[in-house]
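[1] Based on what follows, work out the 3D shape:
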Amino acid sequence: MAVTRKGLKLMVAGLLVMVAGFILMTGGGVTDPQVFNYAMFDFRRLVAAPLVIIAGAVVVGVGIMGRFREKEDK
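    Numbering: from 1, shown residues only. Modelled structure (predicted):
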């Protein structure tokens, strides 16, 4: 199989990291459209969440493209 067990674990971990990034990006909405909410433009939503999503994509890429040696039983 092209994807090893370790690669599959890395892909699942990367997917979970990406989901965490999308969760970090949520919130900041308002119910009244006449009121401007500065919480929408904070560090967590503009910087931290995209970096976490990119890190998760890198982990998934390593899980797919990486070469992992399976331990041989002697």
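
[2] Secondary structure element holding the spatially most central residue of the chain?
    Most central residue of the chain, judged by C-alpha distance to the mean C-alpha position with C-alpha atoms, centre = their mean, is Met18 at 1.8 Å. Here Met18, judged by DSSP states H and E, is contained in helix 5-25.

[3] quick revisit: the closest residue to the residue nearest to the centre of the chain other than its chain neighbours: which element?
    Nearest residue to Met18, sequence neighbours excluded (C-beta to C-beta, 6 or more residues apart in numbering): Gly56, at 3.4 Å. Glycine gets a C-beta too; all of them are placed from N, C-alpha and C. Of the helices and strands defined by DSSP H and E, Gly56 is found in helix 49-65.

[4] again with Asp32
    Using DSSP H and E, Asp32 maps to neither a helix nor a strand.

[5] Could you list the low-pLDDT ranges of the chain?
    Using pLDDT under 70 as the threshold, the predicted model of the chain has low-confidence ranges 1, 70, 72-74.

[6] isn't Gly66 right next to Gly7, touching?
    Yes - using C-beta atoms under 8 Å, Gly66 is in contact with Gly7, at 6.0 Å.
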